[in-house]
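[1] one predicted model, sequence on top.
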Amino acid sequence: MPINEGDAVLIRTSIILAIFIKDIRQYYGKAPTISWGLLFPATLIVLLGYYGAGLGSYRVIPSLLGITLLFSGTSMTHVAMGFDKASGGIETLIHSPIHPVELLIAKIMGGVIFGLLGVSIGTAILWGLYGSLQAINPVFLWIGIIFGSIIFSLLGLLISSVLDVIQAVMVLNALRFLMIFLGGMLPKELLPEIVQPLAYILPISYVNDLIRYGIYNLFDYVDPISATIIAVIYTIVLLLIVYRVIDKCFNP
Amino acid sequence: MIDQEIKDTDNNVIIVRNLSKKYGQVQALKNVSFNVKRGELFSLLGPNGAGKTTLLRAITGSLRIPRGKVFIEGYDVSKHKIRIKEITGFVSENHMLFPEIKVIDNLLFVSKLHGLDSSKARERIMELAELLGFKDFLYRKYDKLSKGFKRRVDIASALIHSPRILILDEPTGGLDLHSSITLREIISELIRNGVTIVMATHYIAEAMNISNRVLILVNGEVKNIGEPSELRKMLSKTLSIEINVDDIKSDLVKVVNEMGGIIRSNKIIVLELKIDEVANKLNELLQYLSQRNIMIRGISVKELTWEEVYLMLTGLKCPYYKNRKCYSCPLMREMQF
């Protein structure tokens, strides 16, 4: 019996949700997800939130939220894709009647939700350390958080799609630690001149700027509209690259 | 929509035409063409690296096809990938389910990927667990199962949406004898239930004993296609005859050598004769033995083993005989060592 368009959309959506729920059940409780995605940023927040207050809360709080998004988003998608590949489970997905885009959406959803969970925990800790946090420009704050979680989820997905689990964690950590130092925790004037251009390439600089503008009406690198445009460009470029990589898995 | 040009499929559910695939400089498939009929067990036989897995992936729509065409039930595989995955089931040579999830949850997940609703999926899972004999393991984690039971669950996951075509890549690879036999019985049962099966294997006896037809693939090229009995007949034009005698005299060696035979272990005459010359030459030799009062202790006609058929068909060298330089090897003249 032919399926009408509404039913077809419902079936496609339920397939995406099935993959997303499977990933939550299987990977949210995994040691690398918890330790790199939640415990490490939480520890960093407690440490730098408490001892880094001298840098100024306008610098510390947005950077810590950005770093939390970075670690939470990348960890979840890295584990979800890396372990699916390592266990052979990806074969089941490849040989099922699903489109690469559906797999891409399901995997990103897992990373974004985990990123939001990490940011919520981070915000709660910062609340405890600094008292209540008020957003002056909540729209830009949310743009920063949403795009940050998408960009970092895509980054984790990209690296774990092309490398095996161990190699991916090494490359991811190299990138993540680079972003901790260059991505806005320190004012760009304090960075050595030679690495300043690198800070402009890293997406975390713009995510942090959006969050900073959202909470404090201040920015470090570019104005919030430009930061939004750059975040959109990052998202589109990463989406296209990750789609290409996943499509290659489906059709080598 | 079914592609018009191959609508009349003459009961061929899979049609492969001039399929070629390259990985970098390696030509994985070279101009491969064949058909698979509805309800048959069609085996792809070939050594490791022959291109069997590449060919299976091309059939299931999980491979970009740069040259050639594959049609399944009239659908062009490169244009209807999702549809192809709806009507086929695939079992990889490696286990392909999620190790830390219970068997039933793995199967429920796969059924959701096929858009089945939960109650229908549970019914189907029970049916398959009964058929494939893993009902007692439904609530165990997948990675706690033995290889044999993992393979049964893999097959169940490929059958969850009741596909008409099942693609198996080395299904008995790494399994013990008992599990392999059980799995072959399961495959035969599926054929009886009307499922068309395409199976890649490098176990010759397995392919020859349970398949309706066999395709022999070497270095990405089709060497032969046919029913197992046809393939054997094709090579049975030569017989190896062994005559065990009580004494070998020096002039006998000369006579045997003139007939193209050899003497083995000082008492066994080994002759390789074409079927149409067996009567004359054997008669000649027996008369000679009788004149010389040489007692015959036994005569045996050796039929080619499946391994020998396989080596002849693939043109591969036999490492065992090659090293031993054993002149009793019936392949000696066919293969250039």
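    The structure has been received and is ready for your questions.

[2] name the nearest residue to the spatially most central residue of chain B, sequence neighbours excluded.
    The centroid of chain B falls nearest to residue B:207 when counting by C-alpha atoms, centre = their mean (3.3 Å). Closest residue to residue B:207 apart from its sequence neighbours, by C-beta to C-beta, 6 or more residues apart in numbering or on different chains: residue B:43 at 4.0 Å. (Each C-beta comes from the backbone N, C-alpha and C, glycine too.)

[3] report the beta-bridge partners for the one you found.
    As for beta bridges, residue B:43 partners with residue B:199, residue B:214 under DSSP bridges.

[4] check contacts around it.
    Applying C-beta atoms under 8 Å, 6 or more residues apart in numbering or on different chains to residue B:43 gives the contacts B:198, B:199, B:200, B:201, B:206, B:207, B:210, B:211, B:213, B:214, B:215.

[5] which PyMOL command selects the buried ones in those residues?
    A single PyMOL command selects the buried members of these (16 or more other C-beta atoms under 10 Å in any protein chain shown):
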select buried, chain B and resi 198+199+200+201+206+207+210+211+213+214+215
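
[6] how about the residues of chain B near chain A?
    For chain B, the contact set with chain A under C-beta under 8 Å from any C-beta of the partner chain comprises B:57, B:60, B:62-64, B:81-83, B:85-86, B:90, B:92, B:94-101, B:109-110, B:112-115, B:157-158.

[7] so which of those residues sit within strands?
    residue B:90 (DSSP state E).

[8] could I have the ChimeraX command that selects the buried members from the residues of chain B next to chain A?
    The buried residues among those can be selected in ChimeraX (16+ other C-beta under 10 Å) with this line:
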select /B:57,60,62,63,81,83,85,86,90,92,95,96,97,98,99,100,101,109,110,112,113,114,115,157,158
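
[9] just the ones of the residues of chain B next to chain A in helices?
    B:57, B:81, B:82, B:83, B:85, B:86, B:109, B:110, B:112, B:113, B:157, B:158 (DSSP state H).

[10] buried ones in stretch A:212-221?
    Neighbour-count burial for stretch A:212-221 flags A:212, A:213, A:214, A:215, A:216, A:219, A:220, A:221 (criterion: 16+ other C-beta under 10 Å).

[11] no no, stretch B:274-286
    B:281, B:282, B:285.

[12] how many neighbours does the residue of the stretch 201-337 of chain B found nearest chain A have?
    Going by C-beta to the nearest C-beta, chain A is nearest to residue B:220 of the stretch 201-337 of chain B, at 15.6 Å. By the criterion of other C-beta atoms under 10 Å in any protein chain shown, residue B:220 has 23 neighbours.

[13] please apply the same query to residue B:264.
    The number of residues near residue B:264, taken as other C-beta under 10 Å, comes to 14.

[14] then residue B:71?
    Residue B:71: 26 neighbours (other C-beta under 10 Å).

[15] that one belongs to a strand, doesn't it?
    Yes. Checked against DSSP: H, G, I helix; E, B strand; the rest coil, residue B:71 lies within a strand.

[16] quick check: bridge partners of it?
    With DSSP bridges as the rule, residue B:71 is bridged to residue B:15, residue B:76.

[17] what does residue B:165 give?
    What pairs with residue B:165, by the bridge criterion (DSSP bridges), is residue B:88, residue B:196.

[18] correct me if wrong: it contacts residue B:12.
    No. Contact status for residue B:165 versus residue B:12: not in contact, 11.7 Å apart, counting by C-beta atoms under 8 Å.
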